[in-house]
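K.L.:
Following is a predicted model, sequence given first.
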Amino acid sequence: MATHKVMVVDDSVMMRTVIRGFMRNMPEFDIVAYAENGKKALEELDKHKDLELILLDIEMPEMDGLTFLRHAKLKSRAKVIILSSVAVSGSPHAAKARELGANAIVTKPSGAVSMDLVDKRGAELTQTMRKLVGLPV
C-alpha cells in the first residue's frame, strides 16, 4: 500500500507526540517532517516536495499558521488541515484559514495542548485525512 506523506506543524512537543502516536495506527500515512513554527515548516517544504498533507496549528511563535499557509499555497500542492483550538466554526481564524486555502479544519477539543484529541476528534481527523488524499472514508 502506498503511503501518503504528511508534515505536522505545531509548536507544542506534546501535541506533536499525540499526533505521532495517533498516526502510528494509520499505515496509509507517513509523517516525513515536523516543524515547531511556520518558518521551519517552509524550510521543510523545500526538502519535501512530495508532501500530500499538512496538519497545521495556527498559534505558533516566529511565524503563525496563517502566515505559513499564505506562503505554502504558493510552494506546495499539499492539502492543509488546520488543527487548532482557535479555529472554531464561525471564528475569524477559521474564516481566514479558509480564505487562504485551508482544505479542512479540525478543532482541538480542549485548548492548544489537547491530550484528548484522539478520543474526542480522532474519528473526524481520520476521515478528513483520508478524504483529502482520496482514500475511502
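P.N.:
That came through fine.

K.L.:
Verify the contact between Glu28 and His4 for me.
P.N.:
Yes: counting by Cβ atoms under 8 Å, Glu28 touches His4, with 6.2 Å between them. For the C-beta atoms, the positions are set from N, CA and C on the backbone; glycine is no exception.

K.L.:
Torsion angles phi and psi at Met63?
P.N.:
phi -150, psi 120 (degrees, to the nearest 10).

K.L.:
got it, and the one 10 residues further on?
P.N.:
Lys73 adopts backbone torsions of phi -60, psi -20, taken as degrees, to the nearest 10.

K.L.:
Same check on Leu55?
P.N.:
Backbone torsions of Leu55, given as degrees, to the nearest 10, read phi -100, psi 120.

K.L.:
residue contacts, it?
P.N.:
Leu55 makes contacts with Val6, Met7, Val8, Val9, Asp10, Ile19, Ile81, Leu83, as judged by Cβ atoms under 8 Å, 6 or more residues apart in numbering.

K.L.:
before we move on, back to that, the more surrounded of Glu28 and His4?
P.N.:
His4 (22 against 13; other Cβ atoms under 10 Å).

K.L.:
so that one bridges to which residues?
P.N.:
His4 forms beta bridges with Phe29, as assigned by DSSP bridges.

K.L.:
residues in contact with it?
P.N.:
Each residue near His4 by Cβ under 8 Å, 6+ apart is listed here: Glu28, Phe29, Asp30, Glu52, Leu53, Val133, Leu135.

K.L.:
Looking at these, which is nearest Glu62?
P.N.:
Here the nearest of the contacts of His4 to Glu62, counting by Cβ to Cβ, is Leu53; it sits at 22.5 Å.

K.L.:
which non-adjacent residue is nearest that closest one?
P.N.:
Of all residues not flanking Leu53 in the chain, Val6 sits nearest, at 4.7 Å (Cβ to Cβ, 6 or more residues apart in numbering).

K.L.:
Understood, closing this out.
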